[in-house]
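J.: Sequence and predicted structure are below.
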Amino acid sequence: MKQFVKHILFICILITAVSQLEAADVVVGARLQEGEIYAGKTFELSIVIQNANQPANVDITPLKKFSPRNAGNNNYTSVTNGVVYQAYIMKYYLTVSQPGQVVIPSVTVNVDGKTYKTRPITVNVLKAQQTDQMHLDMSISESVCYVGQPIRMTLRWYIRQRANGYHCNVPVFNDTENYEFYDLDYSSRNRNSLLEFPVNSESKVALQSEATYQNKSYNLVTFEQIMIPKKTGTFTVPAAIMSANLGFENTRRRSVFDDRYIYKPFQATSQEVQLTVNPLPTEGQPDNFSGLIGRFGIKTMASPTEINVGDPITLTIMITGEFLDAVEIPELQVLSGFAENFKIPNEQSTPKTSNKQKVFTQTIRPIKNNVSQIPSIPISYFDVDKRQYVTVQSNPIRLNVATTELVSIDQAVGTQRIAEEKYELESIEQGIAANYNGPDIYNNDHFSVVATIKQPVYLVLWISPVFFLIVVIFNRLKTTNDPRKEAVKRQNKAWGVALGQLKKLKLSSVDSKSLTSLVDIMRGYIANRYNRTAESLTSSDCNKILTDHHVEKTIVQRFCQLLEIYDNARYGGMPNDLSDVPFDEIENLIKTIERSK
C-alpha cells in the first residue's frame, strides 16, 4: 500500500513539473557554430527556442544574401537537480562569400501566435589560404543555348595533397529563379570510382580519377549537374569555391600522442562563366510541341495483339534521348485514333529510366471490333544542331480484335426452371403457444441481479474485468520510469556500453563505415556519461564538457584530438593512413575519464 501511495505522489509531482514547464516563458535566441568561419565555406546558424518542444515559424528573409538552407531540427532536454530544461533547435546552413566583419541580422520567430526576435550576431569571416596543391575549374557544355535546353555544368577539383573536411560552394545552385538543376545517373558506373561529395551542404555523388594539370599529376574529382535555363538573357554564372583542410607532415612530432599531420584550411576558386540564353523560334513550331530540346526517338510495343473487345492491352512506350527527366508520357487521349477506339484509364505505372531510355507502360482496351491497329504516337522536339523543330513517331501496331459474344442470364444459369411449390397460410387457434408444451412453460424466468451475483460463474465474470483493470494500473505505476533514475542508469552504463562496442568494432575492417561507428561510439560515450545529445556533439563540445568536469587536460586533448581526426577522415576522399586505429588507446582514455568522476 505504501508503494502504491508513493507512485501516486510521483505522478502528481511529474504532472506539476510538466505544467510548470508549459507555463514557463519562451525564450528565443540565435547562435553560430563554434570555431572559425571562412569565406565561401558553409557554417551553421541555430535558432534556439527555450521552453518549447515543437517547431516554430521562422522568417529567414533577412538571411537571403547568405543563401540559407534548412539543416534540420532537434529537441534538447536535460534534467539537472530536478530542474527540467527543454529547447527546440532549428538549424540553417549559411554561406558568406567575402571575408571581413559580417553581421548576421535578427530574424523573426513566431511561437504559438507570439512574435519574438533574435539578436544580430557580428562575426569575423576569414579568408583561407591559396595553394598550388589544389585547383578548381568550372565549365558549361554550351555558352550559348536556348531557354529550356539542358546543358551540362562540370566542376573539376584537382588535388595532390592529403585532404579532409572538404566542401564545395556553388552559388548558382541557389538561383532556382533562373535555372532548374538535375542530378546525373551514376547507377551504371563502377562503385569504386564514386565519391560522396558535399556541395552546398548537400551530399552529392562525384567521380574520382587521376589526371594531369599544368604538367603535374593530380587526383581529380569531377562533379556534374544538368542545368536548364528558365529565362532568356545574358547571365554570369558566379565562381565556385572549393574549401578543404590540407594535411602537412608534422615536423615537430615528438611522440605518438602528437599528430602525424597538421591540417590547415585552404581554398580554390574557379573562374566565372558567361551564358547567353536565346528564345526558341516561333516559326515552324508544331501544335503538339511539349518543350523538349535535344534529339529524341520513340518506339512502341503491345501485348497481346489478338484480343476480344474490352480485353486489356499493355502498351509500352520507349523514348530515347540524352536527358530524359523532363520527358512525360504522350497524351494518348488527344491523339487521333485513340479516344474513339480505345478506353484509356487515367492510372499509369511509374516510368523507368536506364541507358538513355525512358519506358512508360499504359493499359488500353479496344471498344470496337473493327479496330485494326494501335496508331502511331508522335513526339515533337527542337533539334539544337539543325535549329528547327522535328517530329518523330512510332510505327503503328496491327491488332486482331474479335467480337465479344453477349451471354444472357438464362444462358449463364441454365434454361431449366425449378418447379415452384405453393403453400397456403393456416391459422392455429393457440397462436405461438402451440410451439410449446409441458410443465416448463409455467417457470418464472424473470432476470434478477442478486440471483446472478450469488452464482459463482457469474460472480467471476463480473469481478474479473475490474480486477484486471486494477492490476494493470498498479503495474503501470510500478514500472513508470523516473527520469532522474534513468539518467543515472544511463551514466553508469556509459563506459561499459562504449567498451563493448569498441571490442566489436576491432574485428571489422577499417573503412568509412567503421570510422562512422567509431565516431558514434566516442560521441555516444560523452552523451550518455554527461546526459547530452550525441548527434549534436562536436570535438569542441566534448572538450568543454570534459574540462568542466575536471578531467585531466592531457586526456581531454587526446580524446578530442582522436575524435576530430576520425570525424574528418570519414569525409576524406584522398588516401588516409588509417590502417592502425588505436582502439586500445581509446579504451584507456574512456576508462581514465570514467575514473575522474
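T.: Yep, it's here.
J.: Mind pulling up the pLDDT for residue 107?
T.: The score at residue 107 is 92. That number is its pLDDT.
J.: same question but for residue 584, I mixed them up
T.: Reading off the per-residue confidence, residue 584 sits at a pLDDT of 84.
J.: That one - that's part of a helix, no?
T.: Yes: assignment of residue 584 by DSSP: H, G, I helix; E, B strand; the rest coil places it within a helix.
J.: So it versus residue 590, what's the distance?
T.: Separation of residue 584 from residue 590 (Cβ to Cβ, to the nearest Å) stands at 11 Å. All C-beta spots, glycine's among them, are computed from the backbone N, C-alpha and C.
J.: between those two, which one's more packed in?
T.: residue 590 (23 against 10; other Cβ atoms under 10 Å).
J.: Pull the contacting residues for that one.
T.: In this structure, residue 590 makes contact with 495, 498, 499, 502, 525, judged by Cβ atoms under 8 Å, 6 or more residues apart in numbering.
J.: Max pairwise distance over those: which two?
T.: When Cβ to Cβ is used, the two most widely separated members of the contacts of residue 590 are 495 and 502, lying 10.5 Å apart.
J.: Is residue 134 in contact with residue 161, as I believe?
T.: Yes: proximity of residue 134 to residue 161 meets the contact threshold set by Cβ atoms under 8 Å, at 6.6 Å.
J.: With neighbour numbers in mind, choose between those two.
T.: When residue 134 is set against residue 161 and neighbours are counted by other Cβ under 10 Å, the residue ahead is residue 134, at 23 against 17.
J.: Tell me how far residue 527 lies from residue 521.
T.: Relative to residue 521, residue 527 is positioned 11 Å away (Cβ to Cβ).
J.: What of residue 354?
T.: Plainly put, residue 354 is 40 Å away from residue 521 if you go by Cβ to Cβ.
J.: ok, these two, which is more surrounded?
T.: residue 521 (20 against 11).
J.: Give me the three-state assignment for the more buried one.
T.: Assigned by three-state DSSP, the conformation of residue 521 is helix.
J.: distance of it from residue 59?
T.: Taking Cβ to Cβ as the measure, residue 521 falls 40 Å from residue 59.
J.: quick revisit: spit out the residues that contact residue 134 and residue 161 alike.
T.: Listed contacts common to residue 134 and residue 161 are residue 246; contacts here mean Cβ under 8 Å, 6+ apart.
J.: what are the ranges of the helices in the protein?
T.: Under the criterion DSSP state H, the chain contains helices at 2-23, 409-413, 449-454, 456-479, 483-506, 512-529, 539-548, 553-569, 583-595.
J.: Lowest-scoring secondary structure element of the chain by mean pLDDT?
T.: Within the chain, judged by mean pLDDT, DSSP states H and E, the helix or strand with the poorest mean is helix 2-23; its value is a mean of 49.
J.: Phi and psi next, for the residue lying closest to residue 368 once chain neighbours are set aside.
T.: In space, and not counting its chain neighbours, residue 368 is closest to residue 341: 5.9 Å by Cβ to Cβ, 6 or more residues apart in numbering. For residue 341, the backbone dihedrals (degrees, to the nearest 10) come out as phi -120, psi -10.
J.: right, and residue 341 touches residue 372 too?
T.: No: the pair residue 341 and residue 372 does not pass the contact test of Cβ under 8 Å, sitting 9.3 Å apart.
J.: you'd agree residue 90 is up against residue 44?
T.: No: with contact defined as Cβ under 8 Å, residue 90 does not count as touching residue 44 (11.1 Å).
J.: higher neighbour count, the two?
T.: The residue with more neighbours, out of residue 90 and residue 44, is residue 90; 21 against 16, by other Cβ under 10 Å.
J.: ok, what's across the strand from the nearest residue to the more buried one once chain neighbours are set aside?
T.: Counting by Cβ to Cβ, 6+ apart, the nearest residue to residue 90 once its immediate chain neighbours are dropped is residue 47, at 4.4 Å. Under the criterion DSSP bridges, residue 47 forms beta bridges with residue 30, residue 90.
J.: From residue 121, how far out is residue 47?
T.: Counting by Cβ to Cβ - residue 47 and residue 121 are separated by 11 Å.
J.: So these two - more neighbours on which side?
T.: Neighbours were counted for residue 47 and for residue 121 using other Cβ under 10 Å; residue 47 has more, 22 against 15.
J.: CA atoms only: put the strand of greatest length in the chain into PDB for me.
T.: Ranked by residue count and defined by DSSP state E, the top strand of the chain is strand 216-229. Coordinates of the C-alpha atoms in strand 216-229 are reproduced here as PDB (Å, rounded to 0.1, in the frame of the first residue of the first chain):
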ATOM      1  CA  LYS A 216      51.700  17.900 -62.900                       C
ATOM      2  CA  SER A 217      49.900  14.700 -61.700                       C
ATOM      3  CA  TYR A 218      46.800  15.300 -59.600                       C
ATOM      4  CA  ASN A 219      43.900  13.300 -58.100                       C
ATOM      5  CA  LEU A 220      40.800  14.500 -60.000                       C
ATOM      6  CA  VAL A 221      37.300  14.800 -58.600                       C
ATOM      7  CA  THR A 222      34.600  15.500 -61.200                       C
ATOM      8  CA  PHE A 223      31.100  16.700 -60.300                       C
ATOM      9  CA  GLU A 224      28.500  17.300 -63.000                       C
ATOM     10  CA  GLN A 225      24.900  18.700 -63.000                       C
ATOM     11  CA  ILE A 226      22.300  19.300 -65.600                       C
ATOM     12  CA  MET A 227      21.100  22.900 -65.600                       C
ATOM     13  CA  ILE A 228      18.200  24.200 -67.600                       C
ATOM     14  CA  PRO A 229      17.800  27.900 -68.100                       C
END
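J.: how far out from the middle of the chain is it?
T.: 24 Å (Cα atoms, centre = their mean, to the nearest Å).
J.: any chance you could read off phi and psi for the residue nearest to residue 152 when sequence neighbours are not counted?
T.: Taking Cβ to Cβ, 6+ apart, and ignoring the residues beside it in sequence, residue 152 has residue 141 as its nearest neighbour in space, at 4.1 Å. Main-chain torsions, residue 141, degrees, to the nearest 10: phi -70, psi -30.
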